[in-house]
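K.L.:
Pasting the sequence and the predicted coordinates here, then a few questions.
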Amino acid sequence: MNFLLTLLIGIVAGVIDVLPMIKMKVDKYSCISAFVYYIIIPFVIFGLNWFGDLWWIRGGVVAILMAIPVIILVAKEDKKSPIAMTIMSIVLGSIIGVLGHFFNLM
């Protein structure tokens, strides 16, 4: 059950991230990459035991740390996207972390 709930959280986060990308006509490989990132990141966030009592900070920190390599690659070609990617990583990562805490997945 935990696996399916974690997967569902990742799918929902992926859809939330990818929908604006589709609207902006971002190429399909970037959309697929972002979707797969958000399917995987809840498993990483829920699998780590960082920050102890500061559980609410774990999701945002882990998500931005995992996104930094891709953000650096994107920054070479596009100066606006890294800002959006950083914000979405922190916000969606934080939401994933909070959901994981309240659903007892961490």
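P.N.:
Perfect, I can see it now. Bear in mind the structure is a predicted one, so any value in this text is a computation, not a measurement.
K.L.:
how much space between Lys28 and Gly59?
P.N.:
27 Å (C-beta to C-beta, to the nearest Å). Placement of C-beta: from N, CA and C, glycine included.
K.L.:
The two: which is more packed in?
P.N.:
Neighbour count, other C-beta atoms under 10 Å: between Lys28 and Gly59, Gly59 has more, with 30 against 10.
K.L.:
what secondary structure does the more buried one sit in?
P.N.:
Look at Gly59: counting by DSSP: H, G, I helix; E, B strand; the rest coil, its state is helix.
K.L.:
now it: how far from Ile11?
P.N.:
Distance from Gly59 to Ile11, by C-beta to C-beta: 16 Å.
K.L.:
what residue ranges in the chain are flagged as low confidence?
P.N.:
Scanning the chain for pLDDT under 70 picks out no residues.
K.L.:
Let me see the ranges of the helices in it.
P.N.:
2-23, 28-47, 55-77, 81-102 (DSSP state H).
K.L.:
what comes up buried for stretch 28-45?
P.N.:
Buried positions in stretch 28-45, judged by neighbour count with 16 or more other C-beta atoms under 10 Å: 31, 34-35, 37-39, 41-43, 45.
K.L.:
Hmm, I typed the wrong one, I wanted stretch 17-26.
P.N.:
In stretch 17-26, counting by 16+ other C-beta under 10 Å, buried: 17-18, 21, 26.
K.L.:
Just put the residues you listed in JSON lines and tack on distance to Ser94.
P.N.:
Formatted as JSON lines, the buried residues of stretch 17-26 follow (distance: C-beta to C-beta, whole Å):
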{"residue": "Asp17", "distance to Ser94": "13"}
{"residue": "Val18", "distance to Ser94": "18"}
{"residue": "Met21", "distance to Ser94": "20"}
{"residue": "Val26", "distance to Ser94": "23"}
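K.L.:
Good, we can wrap up now.
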